[in-house]
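**Q** Sequence and predicted structure, then a few things I'm wondering about:
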Protein chains: 2
Amino acid sequence: MTPDAAGRDPSSFAGPAEPGPRGRDGGGARRTTQRAAVLAALHDADGFRTAQELHDVLRAAGERVGLTTVYRSLQLLSDTGEVDVLLNDAGEAMYRRCERRGHHHHLVCRSCKKSVEIESGEVERWTERAAGEHGFSAVTHTMEVFGLCTTCSPA
Amino acid sequence: MTPDAAGRDPSSFAGPAEPGPRGRDGGGARRTTQRAAVLAALHDADGFRTAQELHDVLRAAGERVGLTTVYRSLQLLSDTGEVDVLLNDAGEAMYRRCERRGHHHHLVCRSCKKSVEIESGEVERWTERAAGEHGFSAVTHTMEVFGLCTTCSPA
DNA sequence: CATGAAGTTGACAATCATTTTCGATAAGGG
DNA sequence: CCCTTATCGAAAATGATTGTCAACTTCATG
């Protein structure tokens, strides 16, 4: 059985392991247990999770974290690009810690939310071309692919 | 100057023009002025609009429609596929009356929300393939392209 | 190790889009 | 013209996310 969130090793995130420049921005971003916990919970999941789900997991694991803080931490993390955000059908924000830092897309399981990072120069190029043909500039795009992963697939 | 919503010809939507089978589903969907007004307002716009924006336009045009009804009408219209929905960055639903009935994507102006319908077998195929490579089935996807249209583009 | 300034936290209130409620109203077949 | 029933809409409810603000950490420094 996989250990639940309570059993994870916090050192990989919370500990003062990395001696690098403290904080993320010029000012002083502090290293707090709450922030580390959110990041850790996110790390334990291999799929997208909502702020509330993460909060539930943390509380269930005995962490003392407020929902407000979870939202703030996620906001912070997504601002710095450390986690990716996407809106589900219900319009709720879902977060995920991604390996890839640059632009990429996701293949998300509709059932368990597990996801795989995918890249596509093909799509990027098509997008640019299509936009150009219609005179649009400063083009950006969003694209997410949903399906059922092998585990959640029937049969 | 383009006539505002108040000046549109209602006959094209509200009038008993089409003698075809009444309503949309087997039961009894009635033809009401409010529903027609929402559809008409949507028709006047060549871009995506939020429910509230449509409501404002209708009220400004002197129509007597409640916000609730606008929401309900849009829900109805999107259920039957008569209008397309997409969530903006803020997570708000935006609606648009599209020419194309089948699956397609949009090129949306970030500034004025004007949009163009685009199709891409290329993207469809790429999506299927990428999903297949990772064992995902029952694949669907969302994709929207944003940019600045010629009118809103600087220079 | 003590200290203080500044970043953080979290319970709770406030937003805000969207939905639900439910009595009043209108559509349209008979 | 009437009656059944879909529909309307004002107001209350919902639910995710954000703002408030006093109490609390973190951590560079003395």
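**A** Done, it's in. Residues are numbered from 1 along each chain as shown, chains lettered A, B, ... in the order given.

**Q** Now do the spatially closest residue to residue A:110 that is not a sequence neighbour, the pLDDT please.
**A** In space, and not counting its chain neighbours, residue A:110 is closest to residue A:146: 5.1 Å by Cβ to Cβ, 6 or more residues apart in numbering or on different chains. Quick note: C-beta positions are derived from backbone N, CA and C, even for glycine. pLDDT recorded at residue A:146 is 95.

**Q** With the one 3 residues further on instead?
**A** Among the per-residue scores, residue A:149 holds a pLDDT of 96.

**Q** Ignoring the adjacent residues along the chain, who's closest to it?
**A** Residue A:149 sits nearest to residue A:109 (Cβ to Cβ, 6+ apart), 4.0 Å away.

**Q** so who does the one you found touch?
**A** A:47, A:115, A:146-149, A:151-152, B:136 (Cβ atoms under 8 Å, 6 or more residues apart in numbering or on different chains).

**Q** which residues sit against the lengthiest strand in chain A?
**A** Criterion DSSP state E: the longest strand present in chain A is strand A:137-148. Contacts with strand A:137-148, where a contact means Cβ under 8 Å, 6+ apart, come from A:86, A:105-111, A:118, A:123, A:127-128, A:131, A:154, B:110, B:123, B:127, B:130-131, B:136-148, B:153.

**Q** Next up, the contacts around residue A:71.
**A** By Cβ under 8 Å, 6+ apart, the neighbours of residue A:71 are residue A:51.

**Q** Need phi/psi at it.
**A** The phi and psi values for residue A:71, taken as degrees, to the nearest 10, are phi -60, psi -50.

**Q** Could you report the distance from it to residue A:92?
**A** 12 Å (Cβ to Cβ, to the nearest Å).

**Q** Kindly state the beta-bridge partners for the residue nearest to the spatial centre of chain A.
**A** Geometric centre of chain A, nearest residue: residue A:96, 1.6 Å, by Cα atoms, centre = their mean. When bridges are called by DSSP bridges, residue A:96 pairs up with residue A:84.

**Q** Surely it and residue A:84 touch.
**A** Yes. The criterion here is Cβ atoms under 8 Å, and residue A:96 meets it with residue A:84 at 5.2 Å.

**Q** what residues are shared contacts of those two?
**A** Joint contacts of residue A:96 and residue A:84 (Cβ under 8 Å, 6+ apart) are residue A:106.
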